[in-house]
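Trainee: sequence plus the predicted model coming up.
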Amino acid sequence: MKTFKIFILGSIIAVLAVSFMVTCTDERSGEPVEVFIQKEWGQVDGKKVYLFTLKNEKGDEVKITNYGGIVTSWITADKSGKKSNVVIGYDSLSRYQEKNPYFGAIIGRYANRIGNATFKIDTATYHLAANDGKNSLHGGLKGFDKVVWDASWNDTTNALTLKYVSKDGEEGYPGNLTVTVAYKLTNDNELLIDYTAETDKPTVLNLTNHSYFNLTGDVNNTILDHTLQINADKYTPVDATLIPTGELKEVKGTPFDFLQPHKIGERINDVKGGYDHNFVLNRQGDKPELAATLADSVSGRVLEVYTSQPGMQFYTGNFLDGTNKLSDGKPINIHTALCLETQHFPDSPNKPAFPTTLLKPGEKFHSQTKYKISVK
Ligand code: GLA
């Protein structure tokens, strides 16, 4: 149908460095979807980088680049109809290449930490780069957040599909791993992220999206007044290097109890360094379920996170120190944004009791996460 041809045409036009916009209709759902392909955004590793804009009927606009699969902005209205960007991002590729604390990126091959930067599969030991003290963080020196993904428009699902083949031995991980991440913006202001992966040798895998949210749409405000509810009876306590001890601890009676909504700032000082912890989501089945609800009473914006993953890292931007600046010069200071990273538990390859992150040849990894924004 039309969209695909338009996408191809768009790519050609994009090569000519001309921007254009189209409106077309998804035949299955009848949803009007606008796809905007901007001029090329640059080039990395000899591959072309683009910036794609997904728009919906409500006027929400999500920009995504195939460099790192990064969500660079999500423009959405507040309760008075005023639109602003609720995720932290840059407006040029070079800014992402210079210094990016994973803003908006797809993280892999293993999101979060692997203790001592080593793990075993059967009798083989694998060594990774220790890029976070003695541990491995977010896939190593050049994780999935720093590579160029192949982008295409999926005509059937109406989603931007990104594909990356991570070679056997890349960043120390075994197996040629083929990963696809599909992004779709619906007319209900939901950003659906669908991950699949296959390997030709046993490997470990943990994929997430590392968007930083500030529902006020302004980094002059911290997220400490945002209210958060997390559907988790337990969390995974960590050692001083943020590696889980292995215990699944009840949140009851601790600052990690978000079963009822709490302001983030209410108990953050009782948590050394701020929140940077994995929550063990209460789950009924394999389908995506509500994991968290974040709300800002001033803008009226509410973010709901649904996922099929077993865990969610709640990170309060503790390492943001103002050295990263938005294009208008505003510094991104500590606690001015937060992440709700749906994932498997950190260090699972070294914690046999945690849900497995092992992927074997012949298996197909599949997970789904949905970020939904509404106003109250
Ligand atoms: C994750 C980690 C944090 C930090 C950020 C990126 O959320 O858990 O400790 O590394 O990524 O700065």
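Mentor: Done, it's in.

Trainee: quick check: residues of this structure near the ligand?
Mentor: For the chain, the residues found near the ligand under the criterion CB under 6 Å from any ligand atom are 101-102, 112, 137, 242, 276, 313, 315, 319, 339, 341. Heads up, the C-betas are built off the backbone N, CA and C, glycines and all.

Trainee: hey, what's the residue in the stretch 201-350 of the chain that the ligand sits nearest to bridged with?
Mentor: In the stretch 201-350 of the chain, the residue found nearest to the ligand is residue 315; the distance is 3.6 Å by CB to the nearest ligand atom. Per DSSP bridges, the residues bridged to residue 315 are residue 276, residue 339.

Trainee: need the contact list for it.
Mentor: 275-276, 338-339, 341 (CB atoms under 8 Å, 6 or more residues apart in numbering).

Trainee: before we move on, what about residue 212?
Mentor: Neighbours of residue 212 in contact, by CB under 8 Å, 6+ apart: 87-88, 103-104, 317, 337-339.

Trainee: part of a helix, is residue 269?
Mentor: Yes - assignment of residue 269 by DSSP: H, G, I helix; E, B strand; the rest coil places it within a helix.

Trainee: residues near it, how many?
Mentor: 9 (other CB atoms under 10 Å).

Trainee: kindly report the same for residue 221.
Mentor: Residue 221 has 18 nearby residues by other CB under 10 Å.

Trainee: residue 367 now?
Mentor: Counted with other CB under 10 Å, residue 367 comes out at 22.

Trainee: same question, residue 133
Mentor: 14.

Trainee: what secondary structure does the nearest residue to it once chain neighbours are set aside sit in?
Mentor: Once flanking residues are discounted, residue 133 sits nearest to residue 241: 5.3 Å by CB to CB, 6 or more residues apart in numbering. At residue 241, secondary structure determined by three-state DSSP is coil.

Trainee: tell me the contacts of residue 241?
Mentor: 113, 115, 132-135.

Trainee: of these, keep whichever come out buried.
Mentor: 113, 115, 132, 135 (16 or more other CB atoms under 10 Å).

Trainee: excluding chain neighbours, what is closest to the third one?
Mentor: Read that as residue 132. Nearest one to residue 132, counting by CB to CB, 6+ apart, is residue 113 at 6.4 Å.

Trainee: give me the distance between the one you found and residue 51.
Mentor: 30 Å (CB to CB, to the nearest Å).

Trainee: tally of neighbours for the closest residue to residue 349 other than its chain neighbours?
Mentor: Nearest residue to residue 349, sequence neighbours excluded (CB to CB, 6+ apart): residue 119, at 3.6 Å. The burial count assigned to residue 119 is 23, neighbours taken as other CB under 10 Å.

Trainee: name the SS class of residue 119, please.
Mentor: strand.

Trainee: from residue 209, how far out is it?
Mentor: 23 Å.

Trainee: and for residue 107?
Mentor: 7 Å.

Trainee: need the residues touching each of those two.
Mentor: residue 341.

Trainee: returning to that earlier point: and the two most separated of the buried ones among the contacts of residue 241?
Mentor: Farthest pair in these (CB to CB) is 115 and 132. Separation: 10.3 Å.

Trainee: all strands for the stretch 251-376 of the chain, in order.
Mentor: 262-263, 276-280, 289-295, 301-307, 311-315, 339-343, 358-359, 365-375 (DSSP state E, counting those that start in this stretch).
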